[in-house]
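**Q** Sharing a model prediction with you, sequence too.
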Amino acid sequence: MMGGPGEKGGEKERETTLPRIPCGHGMGSGRRNDRDREELHFPGSHAAVVASERKLNMAATTEHDSAAGSSEPKEAEVQETKTFKDLGVTEVLCDACDQLGWKTPTKIQIEAIPMALEGRDIIGLAETGSGKTGAFALPILNALLETPQRFFALVLTPTRELAFQISEQFEALGSSIGVECAVIVGGIDSMSQSLALAKKPHVIIATPGRLIDHLENTKGFNLRALKYLVMDEADRILNMDFETEVDKILKLIPRDRKTFLFSATMTKKVQKLQRAALKNPVKCAVSSKYQTVEKLQQYYLFIPSKFKDSYLVYILNELAGNSFMVFCSTCNNTQRTALLLRNLGFTAIPLHGQMSQNKRLGSLNKFKAKARSILLATDVASRGLDIPHVDVVVNFDIPTHSKDYIHRVGRTARAGRSGKSITFVTQYDVELYQRIEHLIGKKLPAFPTQEEEVMLLTERVAEAQRFARMEMREQGEKRKRPRDDKDDNDDTENAMGVRNKVTGGKMKKRKGQRPHS
Ligand SMILES: Nc1ncnc2c1ncn2[C@@H]1O[C@H](COP(=O)(O)OP(=O)(O)OP(=O)(O)O)[C@@H](O)[C@H]1O
């Protein structure tokens, strides 16, 4: 991930007819190096910036919905006729899109890319899974080809996993031009990140806290020549949790830069930042309000709090053969529920902030590789993660912030696929649930269940709950004993001694659920 394909010194060996971004500088002032520009041999014509007829001039505080307006062509027509080339994307990057199977640009890409290529600041608002990453990565790579420079762009993301994913996307789109990225996130050895920064990558993808650490402590590293700042999941980046860090970062990067804010939801705080850091931004919004995806079937399930575990097991059985993301509100409950499910023979794996970063990535990779069919997660996984095979999202604990609902359920039904979401609503959650319905502007149907069948599960579930509690206690004690660290139970893999006692081979056979060996 770090360093990227064009390591220092490796450039000469590359035999390619495609344009490549030059590389190989020592750590320096970070100022733009003119040699960079000269080194780039770009055979194609200068990337044409196609002036959009659908320019969305927006005063800093005014909102425009780009899909509105009677003289506009119908969206379907726009999508049929536009290509990446039409948007002004240079040929080598069009080829990269093609190789990724991106035949035509998505709506947000159609809206945002021409504006970005024109040099405008952008606020991009579009539903989950609609290709927002490409909407900011393509114009940045396009501009990088035109005026190559180290430390060209910075992408801020709220979570570490998302940072890695965005880096992969930049590398996939920019592999043929030799783009180099560095992922700078917490929970990972700082020294190796300093080394990656010393190689002066073109694009840095970072979580705010660790980036500040490096800006303050890594000798020779600065972003004084930065040209592009992206805040992905901008409303989250701009909320209280990151306020101090983001303010510091904004002070350490040039005022004269392009700024892109992207998310499926925006807050008033974005407008605040708009005033503080954006210059005459264009708002590219493909929907007028917060929308959940059309192909997402959303349900709620009104149940007594004490039967939540049994209903979860019932649903996992009913929808067996699918891939699930189950959201819980706390790390503890995520871990407990993962243990409970594993005790019942499900291939479940947790992902939460109390796990080491290695374990977090390990869990995610196992789930992505379909080696585990159920990922139990806190909101650390609710934003941005692109795992196409997720079929069902279960809100086991209802989200306390209704906008999180939109992001959580957006982990399924991505890029035109279909998916399901089921939100558990207990006697304590009615008000929160009403807020969600209000936000999405929809009344959802109840998920059909057979109460008697659920009740038949309660005994075995109660036993599994007991074992899960015991295992949680054991894990807690192990953490207190530093010498006893042979088996790190972060991912529940080792806490399986009791499962067979609980299942007793009586659970309904689950299609596609591999029993744990
Ligand atoms: N033009 C395109 N054609 C086909 N697929 C695309 C196109 N652009 C992006 N994709 C794919 O769509 C999926 C979703 O894209 P992406 O992760 O950028 O969505 P997003 O809008 O950022 O979602 P979220 O709001 O959840 O972060 C990815 O798998 C990506 O490869």
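**A** In hand now; what should we look at? Residues are numbered from 1 along each chain as shown.
**Q** Apart from its neighbours in sequence, what residue is nearest Ile108?
**A** Leaving aside its sequence neighbours, Ile108 sits nearest to Ala126 (C-beta to C-beta, 6 or more residues apart in numbering; 3.7 Å). In short, each C-beta sits where N, CA and C put it, glycine included.
**Q** neighbours around the one you found, how many?
**A** Using other C-beta atoms under 10 Å, Ala126 has 24 other residues around it.
**Q** Identify the residues contacting it.
**A** Counting by C-beta atoms under 8 Å, 6 or more residues apart in numbering, Ala126 makes contact with 106-108, 111, 132, 135, 262, 264, 284-287.
**Q** One more pass at 10 Å, please.
**A** 66, 106-109, 111-112, 132, 135, 262-264, 284-287, 291 (C-beta atoms under 10 Å, 6 or more residues apart in numbering).
**Q** cool, and Leu226?
**A** Contacts for Leu226 were tallied using C-beta under 10 Å, 6+ apart; they are 30, 32, 149, 151-154, 204, 249, 252-254, 256-258.
**Q** do the same with Leu296
**A** Leu296 neighbours (C-beta under 10 Å, 6+ apart): 127-129, 393, 409-410, 412-414, 417-421.
**Q** any idea how far it lies from Lys279?
**A** The gap separating Leu296 from Lys279 is 36 Å, by C-beta to C-beta, to the nearest Å.
**Q** circling back to that earlier point, which of the contacts of Leu296 come close to the ligand?
**A** Contacts with the ligand within these, as defined by C-beta under 6 Å from any ligand atom: 128-129, 410, 414.
**Q** Show me what from the stretch 201-350 of the chain comes close to the ligand.
**A** So the stretch 201-350 of the chain meets the ligand at Ala264 (C-beta under 6 Å from any ligand atom).
**Q** cutoff 8 Å now
**A** Proximity of the stretch 201-350 of the chain to the ligand, by C-beta under 8 Å from any ligand atom, involves residues 232-233, 262-264.
**Q** Check the stretch 51-200 of the chain too.
**A** For the stretch 51-200 of the chain, the contact set with the ligand under C-beta under 8 Å from any ligand atom comprises 84, 97, 100-106, 108-109, 126-135, 162, 165, 169.
**Q** filter the contacts of Ala126 to the buried ones?
**A** Neighbour-count burial (16 or more other C-beta atoms under 10 Å) applied to those gives 66, 106-109, 111-112, 132, 135, 262-264, 284-287, 291.
**Q** secondary structure element for the most centrally placed residue in the chain?
**A** Residue closest to the mean C-alpha point of the chain, counted by C-alpha atoms, centre = their mean, is Gly384 at 2.1 Å. Gly384 belongs to no helix or strand when assigned by DSSP states H and E.
**Q** Against the ligand, how distant is it?
**A** Counting by C-beta to the nearest ligand atom, to the nearest Å, the separation of Gly384 from the ligand is 4 Å.
**Q** where along the stretch 301-450 of the chain do the helices fall?
**A** With helices called from DSSP state H, counting those that start in this stretch, the stretch 301-450 of the chain shows them at 308-318, 331-343, 357-368, 402-409, 430-440.
**Q** and the longest helix along the chain, which residues are buried?
**A** Longest helix in the chain by number of residues, with DSSP state H as the criterion: helix 451-480. Neighbour-count burial for helix 451-480 flags 454, 457, 460-461, 463-465, 467-468, 471-472, 475, 478 (criterion: 16+ other C-beta under 10 Å).
**Q** and the angle from it to helix 331-343?
**A** Orientation check (axes from the mean of the first three to the mean of the last three C-alpha atoms, to 10 degrees): helix 451-480 against helix 331-343 gives 120 degrees.
**Q** Which segments of the protein make up each domain?
**A** As assigned by automatic domain parsing, the chain contains the domains 34-66+291-481+489-495, 91-285.
**Q** which one of the ones you listed has the lowest average pLDDT?
**A** The weakest mean pLDDT among the domains of the chain belongs to domain 34-66+291-481+489-495, with a mean of 85.
**Q** need the contact list for the residue of the stretch 401-517 of the chain at minimum distance from the ligand.
**A** Nearest to the ligand in the stretch 401-517 of the chain, going by C-beta to the nearest ligand atom, is Ala415, at a distance of 3.5 Å. Contact analysis of Ala415 by C-beta under 10 Å, 6+ apart lists 101-102, 106, 128-131, 293, 295, 386, 388.
**Q** Which members of the residues you listed are classed as buried?
**A** Buried by 16+ other C-beta under 10 Å: 102, 106, 128-131, 293, 386, out of the contacts of Ala415.
**Q** Please convert those residues to TSV, extending it with secondary structure and distance to Ile122.
**A** Shown next, in TSV, are those (DSSP: H, G, I helix; E, B strand; the rest coil; distance: C-beta to C-beta, whole Å):
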residue	secondary structure	distance to Ile122
Trp102	coil	19
Thr106	coil	15
Thr128	coil	18
Gly129	coil	19
Ser130	coil	15
Gly131	coil	14
Val293	coil	22
Asp386	coil	20
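**Q** Present those as JSON lines; the columns should include distance to Phe302.
**A** Below are the buried ones among the contacts of Ala415 laid out as JSON lines (distance: C-beta to C-beta, whole Å):
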{"residue": "Trp102", "distance to Phe302": "41"}
{"residue": "Thr106", "distance to Phe302": "35"}
{"residue": "Thr128", "distance to Phe302": "25"}
{"residue": "Gly129", "distance to Phe302": "28"}
{"residue": "Ser130", "distance to Phe302": "31"}
{"residue": "Gly131", "distance to Phe302": "35"}
{"residue": "Val293", "distance to Phe302": "23"}
{"residue": "Asp386", "distance to Phe302": "31"}
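**Q** quick one on the thing from earlier: sitting in helices, which of the buried ones among the contacts of Ala126 do you find?
**A** Going by DSSP H, the helices hold 107-109, 111-112, 132, 135 from these.
**Q** so which of the residues you listed comes closest to the ligand?
**A** The ligand lies nearest to Lys132 out of these, by C-beta to the nearest ligand atom, at 3.5 Å.
**Q** residue ranges for the helices of the stretch 51-200 of the chain, please.
**A** Taking DSSP H, counting those that start in this stretch as the criterion, the stretch 51-200 of the chain carries its helices at 75-81, 91-99, 107-117, 132-146, 160-174, 190-198.
**Q** what's the most buried one of the ones you listed?
**A** Of the helices of the stretch 51-200 of the chain, the one with the most neighbours on average (mean count of other C-beta atoms under 10 Å) is helix 107-117, at a mean of 27.
**Q** Point out the other helices and strands that that helix packs with.
**A** Helix 107-117 makes packing contacts with helix 75-81, strand 122-125, helix 132-146, strand 258-263, strand 282-285 when contacts are defined by 3 or more C-beta pairs under 10 Å, 6 or more residues apart in numbering; DSSP states H and E.
**Q** nearest to Ile303, of those?
**A** Nearest of these to Ile303, taken as C-beta to C-beta: strand 258-263 at 31.5 Å.
**Q** Export only the CA atoms of the closest one, formatted as PDB.
**A** Taking Å, rounded to 0.1, in the frame of the first residue of the first chain, the C-alpha atoms of strand 258-263 are listed here in PDB:
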ATOM      1  CA  LYS A 258      -8.800  23.100  -4.500                       C
ATOM      2  CA  THR A 259     -11.100  21.600  -2.000                       C
ATOM      3  CA  PHE A 260     -13.600  18.800  -2.500                       C
ATOM      4  CA  LEU A 261     -16.200  17.700   0.100                       C
ATOM      5  CA  PHE A 262     -18.000  14.400  -0.600                       C
ATOM      6  CA  SER A 263     -20.600  12.500   1.300                       C
END
